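J.: This is the structure alone, sequence omitted:
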């Protein structure tokens, strides 16, 4: 049996609309060709104002009277919507089946983000509507080789975390199990000297304190990172922005916003390069399509000082935003550092790695002689003293060491590497970092911002002679100032000074864009469970794309035997009337197409159809995608 256009149909599900029961099995009700509003409801003014989302289930099908099949059939969006405020995507999921309803479809879309690695067991007991917790909960204690280590989890503004209630056994009526997904919006709460992590949305219910026992379990409130592993494939449409005859297509965009988004700005002021007194060394390499990278380094400092975070940090750009260490797995070996990113980086952007370099810092134990021409690094002291017969771990603060909170045990002379103990204290032992702190003429570091606005970057630093040096960036990332120049590119700052400067005095200000996602109750989708803040790939490497162009011409006065020219080799030709109704028939009652000759011959005057009439022809081909960037398909 010959398969024709009339055998290609879109079947409707059992129920259309936005209710929880919408969807279901395939029916014998078909969409009339050219009338998409039989699937999607009409777009109203309020839909435009609040960016409505329609999710519709449909069944593209070959419908014949026998068992004919269509080999390697493909479905694609042939043209972008004419309304610039409307976008359209197809969503493909292996878990999607014929019986699924709207609730199932939303759960499938939200399945990309799940609760992941635990960074704090025994989290705080939250109250309903609470939206913050102390940064102290970012520090946890882990045991390795019978030694305890403090581990600090770095979060970033815009990052999604999971707050959950977990325990074994039967469900507790007072504290039922649940997972609350939240977005970090602030890492310091004004007026709170300890610093808070602020998140949105606030807690919907209370969680148990760490000492509350449920079925024999304590520490039932957990703080977790999230996994972003989308099982979905999104298929979109984009326009070419320039003509091409090569394998490279310049396009408007390869990524799409699955959800509406409102951009706001957040200013960060006085950011210091020195984390706990340590100035990291930064190296970078150009990103490719790969997600795994290797840095050949022989100067990565390692040690057992509990007040020093020896682990390297990574930053990279993906989807136009800059991501950090929590989105990567970093493995340190003797002569190299391996980095595996959790998401694909933007091609030709920077993969930057910051670490403590052994060429600048060394580990020091006060049982050894203090090295010449060195000084102690503030905030790196880790040790104990004897007081009243007890052995106490001390805390370094403001140039002194303290035990039991506010009892000062000694004063630190960082330049001499000496701690002078107060009366009654003895048996001092400590580890620390030491450095020369030599002024430098060049600096490279990663910017602490996810979506920076380049022209808001401003820095200041003291020279070796204590002269203030300052500079700022323009919109292109060019940094200029008196005695300093440099660039800001893909989150990597590179500076050159005309006179040596003290890098531990360098601070900078930056304003970044923050994506404010809509609350879940507006659109029925939780934006925090859609990967990458709702930015999804409309195309994918090793996927197939249809590259095509449609041309239109009017037929003002149709008559039998009229011949109209079209482009030779057209893949699709049609004539439609004013209502969108196609005049094509399998028996060529109204027109005959000769694609090889590039002609359309009319067989009638179109009596019974509504003028005006439009003749369209489409040329195109299929291609295999081998590489992607934001605005280029190869």
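T.: Sure, I can see it. From a predicted model like this one, the values you see are computed outputs, not experimental measurements.
J.: CA only for contacts and neighbour counts going forward, please
T.: Will do.
J.: State the distance from the most centrally placed residue in the chain to residue 113.
T.: Nearest residue to the geometric centre of the chain (Cα atoms, centre = their mean): residue 532, 3.4 Å. Computed as Cα to Cα, to the nearest Å, the residue 532 to residue 113 distance reads 9 Å.
J.: Which SSE is immediately downstream of the lowest-mean-pLDDT helix or strand in the chain?
T.: Lowest on mean pLDDT, DSSP states H and E among the helices and strands of the chain sits strand 147-152, with a mean of 63. Once the chain leaves strand 147-152, the next helix or strand it forms, by DSSP states H and E, is strand 160-165.
J.: what lines up beside that next one in the sheet?
T.: With DSSP bridges as the test, strand 160-165 is paired with strand 178-186 (antiparallel), strand 221-228 (antiparallel).
J.: For residue 418, find the nearest of the ones you listed.
T.: Closest to residue 418 of the strands paired with strand 160-165 is strand 178-186 (Cα to Cα; 38.3 Å).
J.: where exactly do the helices run in the stretch 1-150 of the chain?
T.: 45-50, 102-109 (DSSP state H, counting those that start in this stretch).
J.: okay, these, which one's buried deepest?
T.: When you average the neighbours per residue for each of these (mean count of other Cα atoms under 10 Å), helix 102-109 leads with a mean of 18.
J.: Quick check: mean pLDDT of that one?
T.: Mean per-residue pLDDT for helix 102-109: 90.
J.: Number the residues from 473 up from this point.
T.: Sure thing, new numbering starts at 473, so read that last one as helix 574-581.
J.: in this structure, which segments are predicted with low confidence?
T.: Low-confidence segments of the chain (pLDDT under 70): 473, 506, 508, 613-622, 660-667, 747-748.
J.: Show me what the closest residue in space to residue 1024 that isn't next to it in sequence is bridged to.
T.: Counting by Cα to Cα, 6 or more residues apart in numbering, residue 1024 lies nearest to residue 1088, which is 4.5 Å off, once chain neighbours are set aside. When bridges are called by DSSP bridges, residue 1088 pairs up with residue 1024, residue 1046.
J.: which residues does residue 1088 contact?
T.: 1022, 1023, 1024, 1025, 1045, 1046, 1047 (Cα atoms under 8 Å, 6 or more residues apart in numbering).
J.: and the residue nearest to the fourth one when sequence neighbours are not counted, what is it in contact with?
T.: With Cα to Cα, 6+ apart as the measure, residue 1087 is the residue that lies nearest to residue 1025, at 5.3 Å, once sequence neighbours are left out. Contacts of residue 1087 were listed using Cα under 8 Å, 6+ apart, and they are 1024, 1025, 1026, 1027, 1045, 1046, 1047, 1048.
J.: Surely the second one is in contact with residue 1086?
T.: Which is residue 1025. Yes. Residue 1025 is in contact with residue 1086 according to Cα atoms under 8 Å; the separation is 5.8 Å.
J.: who has more neighbours, these two?
T.: residue 1086 (17 against 14; other Cα atoms under 10 Å).
J.: And that one, how close does it get to residue 639?
T.: 66 Å.
J.: picking up where we left off before, and of the helices of the stretch 473-622 of the chain, who's closest to residue 1059?
T.: helix 574-581 (40.3 Å).
J.: Remind me what that closest one packs against, helices and strands.
T.: Packing partners of helix 574-581 (3 or more Cα pairs under 8 Å, 6 or more residues apart in numbering; DSSP states H and E): none among the helices and strands.
J.: Looking at this structure, which strand is longest?
T.: Secondary structure of the chain per DSSP state E: the longest strand is strand 964-988.
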